[in-house]
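[1] predicted structure and sequence below. I'll ask about it afterward.
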Amino acid sequence: MKICQLLKAFKRDEGFLKKAGWIISEPKSPRWWGGVKNPEEVAITAILVQLSTWPSVVKILNILRKEGLTKLDNLKDMDVDELGELIRPVGLWKEKAKRLIEFATEVVQSGGLEKLRRMRNPRDFLLSIKGIGMETADSITLFALNKPTIPISNYARVVLDRVGIIGSKHSYDDLRRKFMESSDDVFDLKLLYAGITSIGRITCKKEPKCILCPVRDQCSFANSH
């Protein structure tokens, strides 16, 4: 199976992605990312969701909105302990409070997300910020800055291995490069990420539910079982 076949399957069955909670929108809309309102909220929640569940992140996002802390200008001036108390329901809340403040400080000092978007390679800048790993940097780059890349989650590793595209033991960069060779279109990359994540979360489990999967007809695992 090829990545282009995956993409065609997701375009045919956007209903599957919508049921999984994705908001399929125009290519540069932040609403793709869980229906958030702006790029700053994409970036903040991409950090909060590290080792946490999306429902818990949504609760925290609503609290931060009420406090005016979805603006990086306000977030950078927060006290670490005070912010930590606000985001306590998410995992690693003390560490994430530090990461959020450091991220906000670095981005604001660089000129803001819009200035970041105009950089030749904003991904490298994001990776230079303490606490921002490759998956988080790629999430922010694709969904907040609308620059072509794709986050490689554990879900992606499992799905790519089972459908027969590339083995899960390949490095993060190998897997990411495989996608980038197939498309540099932001809409396509967002759709691929949404689709693969949805399959991994809903159908491609330890005991796969292949009958529910939109790519089962082309999947090596499904065809061999």
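    Nice, I can see it.

[2] for stretch 179-193, which outside residues touch it?
    With contact meaning Cβ atoms under 8 Å, 6 or more residues apart in numbering, stretch 179-193 is reached by 2-4, 6-7, 10-11, 17, 24, 27-28, 32, 142-143, 146-151, 156. Every residue, glycine included, has its C-beta placed from N, CA and C.

[3] one more time with 7 Å
    Residues from elsewhere that reach stretch 179-193 (Cβ atoms under 7 Å, 6 or more residues apart in numbering): 3-4, 6-7, 10-11, 27-28, 32, 142-143, 146, 148, 150-151.

[4] which members of those occur in helices, if any?
    Using DSSP state H, the subset of the contacts of stretch 179-193 located in helices is 3-4, 6-7, 10-11, 142-143.

[5] which among those residues end up buried?
    Buried members of these, scored by 16 or more other Cβ atoms under 10 Å, are 3, 6-7, 10, 142-143.

[6] turn those residues into TSV, including pLDDT and distance to G112.
    Converted to TSV, these look like this (pLDDT from 0 to 100; distance: Cβ to Cβ, whole Å):
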residue	pLDDT	distance to G112
I3	88	33
L6	89	35
L7	90	32
F10	91	32
L142	98	18
F143	97	17
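
[7] ok, those vs V163, which is closest?
    Distance to V163, by Cβ to Cβ, is smallest for L6 among these, at 7.2 Å.

[8] next up, the contacts around the closest one.
    Here L6 is in contact with 192, 195, 215 (Cβ under 7 Å, 6+ apart).
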